[in-house]
Structure formats: structure tokens, C-alpha cells
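**Q** with the sequence up front, the predicted model follows.
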Amino acid sequence: MSAAVRTIAEFRGLTKTFGPVVAASDLNLSIAEGEFLSFLGPSGCGKTTALRMLAGFEAPTEGEVLLDGEVVNHVEAHNRPVNMVFQHYALFPHLSVFDNIAYGLRQRRPQPDRATVKQKVEKVLEIVRLEGFGPRRIWEMSGGQQQRVALARAIVNEPKILLLDEPMAALDRKLRKEMQIELQTLQRRLGITFVLVTHDQEEALSMSDRICVMNGGRIVQVGTPRELYDNPRTRYVAGFVGTSNFFDAVVAEAGPDHVAARLAGGQHVRGKPGFAVKTGQEVCVSIRPEQIALSREAPDAGMSEPVTILNRIFLGEHTEYLVRSGTLGDILVLVPRQSELNAGTFNVGEEAFVSWDENALLILEQ
Amino acid sequence: MRLYAISVYLFLYIPIGVIAVFSFNSGRHASQFMGFSTKWYGKALSNPFVMDALETSLIAAFLTACLAASLGTMAAIALQGVSGWLRTLFDALIYIAVMIPGIVIGIATLIALVTVFGWVNPMLAALWPEGATPPQLNMGMGTLVAAHTMFTMALVIIIVRARIAGMDRSLLEASQDLFATPWGTFRQVTLPLIAPAILAGFLLSFTFSFDDFIIAFFVAGSETTLPIYIFSSIRRGVTPEINAIGTMVMAASLMLLVIAQMLLRRGVSKSG
Ligand SMILES: Nc1ncnc2c1ncn2[C@@H]1O[C@H](COP(=O)(O)OP(=O)(O)O)[C@@H](O)[C@H]1O
Ligand SMILES: [Mg+2]
């Protein structure tokens, strides 16, 4: 990101405990104005807690939340210039679609006049493609429509940050894809900072400018989707952002750009370290399934391993093979359609060789 | 089993049916049906004693319902913030208040009030200047409404609290998130969502107070409510006029109860 980008929100050593449960632990993060940031992690890792501290629904146990450069720990939720799309939408059942959306505007003091409210509400109804739905009751709307109402109800207030807590979790797969695209387009168009919470890596990868991967209440790594995919720092991130093969290894020689490691089977591999390593340290070697080649003969150069084909799944663009190596265990290989056309398919039970370029190997924290 | 159920219902409803039927009796005796007539209704409605008693009952029921609904709602909301042993204690007290027989409440309230008035009245008299007549606290409308409110408030608390418990908490957070102050959230979200329960509580309290005989008998003092009037005239024999009054009271109560039930149901299905 360029230096001109302003920080709109910041966590400084933010910790939240619920009795003995540490929901969030020492979170440090800057959120840039206008970016689309996702909190990604499995259920219970503290994503919602982080979001709720930003919204003002939870008071931090320790640390500070900054909005626009000011500490807002003691500013109540109704005084923070952020709005939230709740996981189950939390639309007011006793109000019409129009009144739900107008709710935030009508809390302003002095109150805006009716014409202004009407005009603003109608404009967002158009943005979320629900023109004419204003007089409807909430329970007359489908799940997807309710979600758009929830979105409209938040963005009509032109918040500094829009917070979204798993907004797509309740939608079916097809609708979810549509909404993802719609949300992303909307974010570009409005220029509002979006902070999304999700446990769906695909969702996070496809929508976000940056992803903050969390585990057990901690931030594990923050980066663009590409950074996280290409240079995960830990085994956890590599496994959560995309799929990967992992082999246990011990560092044999630690250089500045390349590290030599010894695998369980005695083979030596060289790879890029994701972090500072020491000789003798136990690490994890990771390689993505699509970076492994499958062949009938061992290639002349580079590292290769004899394997047996265990399973084959045709995925259209790719074919996924599960193969077993005597020393490395089971390995997942993704063969693109084109190379399969050249080399032919492998049958279950057949012997073959896997090989990879050493630049594709990553040395990760265990 | 079925026969058993049917006979239970017959046992319950035949007397009520008989009263309703005989209220249309043109004859003067309750034991023989002489032909259809609505004259007893006319007679009942033009009897000044009946109308006086009806007025007293309506005023008492209305005041009771207003007080019980507002105090009960406030208590239910306040109890949201209470937890632990204090909450358990309050819950127990509320359920006990509902379960105690009316006669116990009647006698207990009577004794308590008489005792308190016994202390307060001499004090008031002592404070008042010589010559002027000091005010006297007495059994009457005030004590009647107070006793009814005490009992029905517990009902309102139970109903409203069930409704609050069934409410989606995230709605309150959503309101807060949309810049509403705590009072604004209460007024615009909490209150509308629990309104059906409050109204149902109001109607139940009204019906209870309007129909109650036992508590009123002890604490109404010189006031005559409709049930008390009916009781005292029955001692002179059951007339079709009494049947007519009874039928009207029953119809009105039933209607209010059905409305209350509908409100509670509708409230649930809407928010669900
Ligand atoms: N109000 C609460 N009271 C007690 N524990 C809570 C509360 N909110 C969250 N937690 C706990 O904090 C942890 C993180 O929760 P949460 O932030 O909701 O995770 P996520 O959104 O990533 O699924 C969980 O172990 C959860 O049980
Ligand atoms: Mg969550």
C-alpha cells in the first residue's frame, strides 16, 4: 500500500477475556482507509470478538482501539461512526423495510427532514437493487433480500467502517457467490472501509485486499491474499489459505535466502524460509499440490520420489491425485488438464514419480 | 377415556350453560323455563344498584390493569439486570404471589391494612390542626385496587419477562449500532416488541380484577363490586336477573381473555 493511505482504525495490544476464556489476545493491527480487510479463522478463534470491540459492543480487557487516530475504548457503540451487518441480520421485525433502513438516519440530532430521509433510503434501496421494496414487511423478504436490507440499513449512514460478521453464512452456495461479487463491487463503488469476518477461506481470498488470519485468539499473519498464499509464515496459515502438503523436517543448514532441511526419509531439500531458522530446528516443509509434477519416469534434475497412485478425482480443469510415498506419506497432487493431455492419465495402483522445483518449497514454522 | 373427558367437560360447562339459558327465561323462577325473553337483561341494566356495582368494578379493574401493566413491565425490565441469588429470590416470590390462594391474599391484606391504618390514622389526627377533621385512611377503592394490583402484577411480570427472554438480543445491539441511545432503543425496539405481552397482561389483570370476589370481599370496605353485589343478592334467591348479569360478565371476560391469548400468540409468531 502506498504511504498516502491513511489509517482509519487500529488495535494496540488488544486483549479480551471472558472469565477464564481468552477470546482475543494481544491483537495489533492497522486498518487502512478504504481497504477491504477480512478476519479469517476457524470458529471460536476470536474474530467476532475483535469485530465487536471495534463496534463498541465489548470493552477490551487490555489495550486500545483507535478510530481515526483517537482512542475510543470508552466511546459507546451508539456514538461510534461505524455500522455493522449482523450475522443473522437483526432486522427489526416490527418495522417495514423502509423504516428499518431509515432507523439510523432518524437517530441523528437534529433529525433530518422527511424528504432527506426518503431520498437517502430510496437511493440505497436502488444501490442494493431493492427498488420498490420499502413498504414490505421484513418477514415477507427472502434470506438474500433480508441480507441486502441489512446492508442498506448500515451503508445508508455512510459509516467510516462497515463491519460484516459472517454475512453470507446463512445463504445458499449460489446466492453466496453472487453476494460476494456484489459486496466487492459495492465496496469499490462506495469507497467505504469494509471489515469482514469469515471462516470461509475462499470468501476471504476472493474478496479481500488484505486478510488477517487468526487462530486461538491471536493474529497469526496479516497480508494480501497472494502474500498469504505464496509466503505463509506458519503451517497453520498455509493449511488455512489454500491446501498444501506438509512434511516434517529438521534444518540442516540455514542460509539467508535458502535453507537446507532433512526430511523424515533422509532426503535433503532446499527451500525458502518463511521465518528466521536455526540449524537443528524442527520445521515443516510445505508444497502446494499444483506445484508438484507427476511423471512415469524420474526426471533427470531436481528432487523426485517414487509413489503409488491411491486415488484420482476428475475436477474438470484439474485432476486431483492422492499418491503415497514410502518415506513422505500421502501427497496431494493437482495436475492441470493440459499436462494430462500430454502425459496421459495415471490409474489407481500405478507406480509413478513426483517431482518439484525447489523454489516451490516453503520452510515453515511448525 | 373419551367418555371420562366428555363427562368432565359436561360437569364444568353444564352449570354455565344453564345460567346462560335461564338468563333468557321469561318466567320469574330459575327452575322452570317459561319461554324466551331478554327482559331480564333490560331489567338488570336498568337496576341502579347493578349499574353502581358495575361502575365500581369497571373503575377498579381499569385502575388495577393500568397499575399492574406499568409496574409489572417496569419490574420485568429491571429484573433483566438482576442475576444470582437475588434473581432466584425474586422469581420465587413472583411465583408464590401467583400461587397463593385468593382467600389468603384477601385476609392477609385485610389484616395488614387494618394494622397499618390503626397506626397511621392516630398519627394523622395528631398532626392535623385543632378543629379541622383529619383525613382517615379506610378500606375502599384504594385498598381494593392495591390488593388486585399486587396479585396481577406478578402475572404481568411473568408474561412480559417471557417475551423479553424470547427477544433477539442482537436487535438491541443493532439499534445501538444505528446510533440509538439506550432510551431510544427502549422506546423504538424493546417497547414495540413487548407491547403485545404488556397489552395481554393488561387484559388479564382487568379480567381478574373485574371477576374477583374473594379478595374484594375482604378489602373493598364499603365499596360494592359486581361480584359482591351478585353474592349478596343470591342470598335472596337466584333470579333470572342474576343469571343475565352473570352471562354478561362471563361473555365480556371470555372476550378479553381470547383477545389476550391472540395478542400473545401473534407476538410470538411475528418475532419468530
Ligand atoms: N459473551 C461471551 N461470553 C463468554 N465467552 C465468549 C463470549 N463471546 C465469545 N466468547 C468465547 O470467546 C471465544 C471467541 O469467540 P468468537 O469471537 O465469537 O469467535 P469466532 O467469531 O471466531 O467464532 C470463544 O471461545 C467463545 O466461546
Ligand atoms: Mg463469529
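**A** It's in. Residues are numbered from 1 along each chain as shown, chains lettered A, B, ... in the order given. Ligands and ions are numbered 1, 2, ... in the order given.

**Q** domain map for chain A?
**A** Domains of chain A are assigned by automatic domain parsing as A:7-230, A:243-364.

**Q** quick one, what contacts the nearest residue to A:Ala260 once chain neighbours are set aside?
**A** In space, A:Ala260 comes closest to A:Glu253 once its chain neighbours are excluded; the distance is 4.1 Å by CB to CB, 6 or more residues apart in numbering or on different chains. Quick note: C-beta positions are derived from backbone N, CA and C, even for glycine. Residues near A:Glu253 by CB atoms under 8 Å, 6 or more residues apart in numbering or on different chains: A:Val259, A:Ala260, A:Thr279.

**Q** how much space separates the second one from A:Val251?
**A** Read that as A:Ala260. 8 Å (CB to CB, to the nearest Å).

**Q** buried sites along the helix or strand where B:Ala200 lies?
**A** Using DSSP states H and E, B:Ala200 maps to helix B:191-211. For helix B:191-211, the neighbour count (16 or more other CB atoms under 10 Å in any protein chain shown) marks B:193-211 as buried.

**Q** go on, stretch A:335-347?
**A** Buried, per 16+ other CB under 10 Å, within stretch A:335-347: A:Val335, A:Glu340, A:Phe346.

**Q** what is the end-to-end distance of that stretch?
**A** Stretch A:335-347 has its terminal residues 13 Å apart, counting by CA to CA, to the nearest Å.

**Q** what helix or strand does the nearest residue to A:Met168 once chain neighbours are set aside sit in?
**A** Distances taken as CB to CB, 6+ apart place A:Arg176 nearest to A:Met168, at 4.5 Å, with adjacent residues excluded. Assessed by DSSP H and E, A:Arg176 sits inside helix A:173-190.

**Q** what residues are up against A:Lys123?
**A** With CB under 8 Å, 6+ apart, A:Lys123 has no contacts at all.

**Q** where does A:Leu27 fall, phi/psi-wise?
**A** Backbone torsions of A:Leu27, given as degrees, to the nearest 10, read phi -80, psi 130.

**Q** who touches it in this structure?
**A** A:Leu27 neighbours (CB under 8 Å, 6+ apart): A:Phe11, A:Gly13, A:Leu14, A:Thr15, A:Ala50, A:Gly63, A:Arg218, A:Ile219.

**Q** out of those, who's the most crowded?
**A** Counting neighbours by other CB atoms under 10 Å in any protein chain shown, A:Ala50 leads the contacts of A:Leu27 with 28 neighbours.

**Q** that one against A:Ala24, yeah?
**A** Yes: between A:Ala50 and A:Ala24 there is a contact at 5.5 Å, judged by CB atoms under 8 Å.

**Q** now do the shared contacts for the two.
**A** By CB under 8 Å, 6+ apart, the residues touching both A:Ala50 and A:Ala24 are A:Leu14.

**Q** give me every residue in the stretch 1-150 of chain A lying close to chain B.
**A** By the rule CB under 8 Å from any CB of the partner chain, the part of the stretch 1-150 of chain A lying against chain B is A:55-57, A:76-79, A:82-84, A:86-88, A:90-94, A:103-104, A:107-108, A:139.

**Q** could you turn the buried ones of these into a PyMOL selection?
**A** Only the buried entries of the residues of the stretch 1-150 of chain A next to chain B go into this PyMOL selection, using 16+ other CB under 10 Å:
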select buried, chain A and resi 55+56+57+77+78+82+83+84+86+87+88+90+91+92+93+94+103+104+107
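
**Q** now the helix or strand containing A:Arg324: buried residues?
**A** If you go by DSSP H and E, A:Arg324 is part of strand A:318-325. Using 16+ other CB under 10 Å as the test for burial, strand A:318-325 gives A:His318, A:Thr319, A:Glu320, A:Tyr321, A:Leu322, A:Val323, A:Ser325.

**Q** turn those residues into a markdown table, including distance to ligand 1.
**A** Output for the buried residues of strand A:318-325, formatted as a markdown table (distance: CB to the nearest ligand atom, whole Å):
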| residue | distance to ligand 1 |
| --- | --- |
| A:His318 | 31 |
| A:Thr319 | 35 |
| A:Glu320 | 29 |
| A:Tyr321 | 34 |
| A:Leu322 | 31 |
| A:Val323 | 35 |
| A:Ser325 | 36 |
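
**Q** what's opposite A:Val335 in the beta bridge?
**A** A:Thr319 (DSSP bridges).

**Q** so who does it touch?
**A** A:Val335 touches A:Leu294, A:His318, A:Thr319, A:Glu320, A:Tyr321, counting by CB under 8 Å, 6+ apart.

**Q** among those, which two are most distant?
**A** Maximum pairwise distance among the contacts of A:Val335 (CB to CB): 11.8 Å, between A:Leu294 and A:His318.

**Q** alpha carbons of stretch A:352-366, as CSV, please.
**A** The C-alpha atoms that make up stretch A:352-366 are tabulated as CSV, following Å, rounded to 0.1, in the frame of the first residue of the first chain:
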residue,chain,number,x,y,z
ALA,A,352,4.9,-43.0,-10.7
PHE,A,353,7.3,-40.3,-9.6
VAL,A,354,6.5,-36.9,-8.0
SER,A,355,9.0,-34.1,-8.5
TRP,A,356,9.1,-30.3,-7.8
ASP,A,357,11.1,-27.3,-8.3
GLU,A,358,13.0,-26.3,-5.1
ASN,A,359,11.7,-22.7,-5.4
ALA,A,360,8.3,-24.1,-4.7
LEU,A,361,9.2,-25.5,-1.3
LEU,A,362,8.5,-23.4,1.7
ILE,A,363,10.1,-23.9,5.1
LEU,A,364,7.5,-23.0,7.8
GLU,A,365,7.1,-22.8,11.5
GLN,A,366,5.8,-26.0,13.0
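
**Q** now find how far off-centre that stretch is within its chain.
**A** In terms of CA atoms, centre = their mean, to the nearest Å, the centre of stretch A:352-366 is found 24 Å from the chain centre.

**Q** also stretch A:166-180?
**A** On CA atoms, centre = their mean, the centre of stretch A:166-180 falls 15 Å from that of its chain.

**Q** which other helices and strands contact the helix holding A:Arg176?
**A** helix A:143-155, helix A:201-207 (3 or more CB pairs under 8 Å, 6 or more residues apart in numbering or on different chains; DSSP states H and E).

**Q** can we see that at 10 Å?
**A** On a contact count with 3 or more CB pairs under 10 Å, 6 or more residues apart in numbering or on different chains; DSSP states H and E, helix A:173-190 meets strand A:36-40, helix A:114-127, helix A:143-155, strand A:161-165, strand A:193-198, helix A:201-207.

**Q** the inter-axis angle of that helix versus helix A:114-127?
**A** Orientation check (axes from the mean of the first three to the mean of the last three CA atoms, to 10 degrees): helix A:173-190 against helix A:114-127 gives 130 degrees.

**Q** ok, and what's touching helix A:173-190?
**A** A:34-36, A:85, A:124, A:127-129, A:142-144, A:147-148, A:151, A:155, A:158-159, A:162, A:164, A:167-171, A:192-194, A:196, A:198, A:200, A:202-203, A:206-209 (CB atoms under 10 Å, 6 or more residues apart in numbering or on different chains).

**Q** in it, what's buried?
**A** Buried residues in helix A:173-190, counted by 16+ other CB under 10 Å: A:Arg176, A:Met179, A:Gln180, A:Glu182, A:Leu183, A:Gln184, A:Leu186, A:Gln187, A:Leu190.

**Q** quick one, phi psi at A:Gln281?
**A** According to degrees, to the nearest 10, A:Gln281 has phi -70, psi 140.
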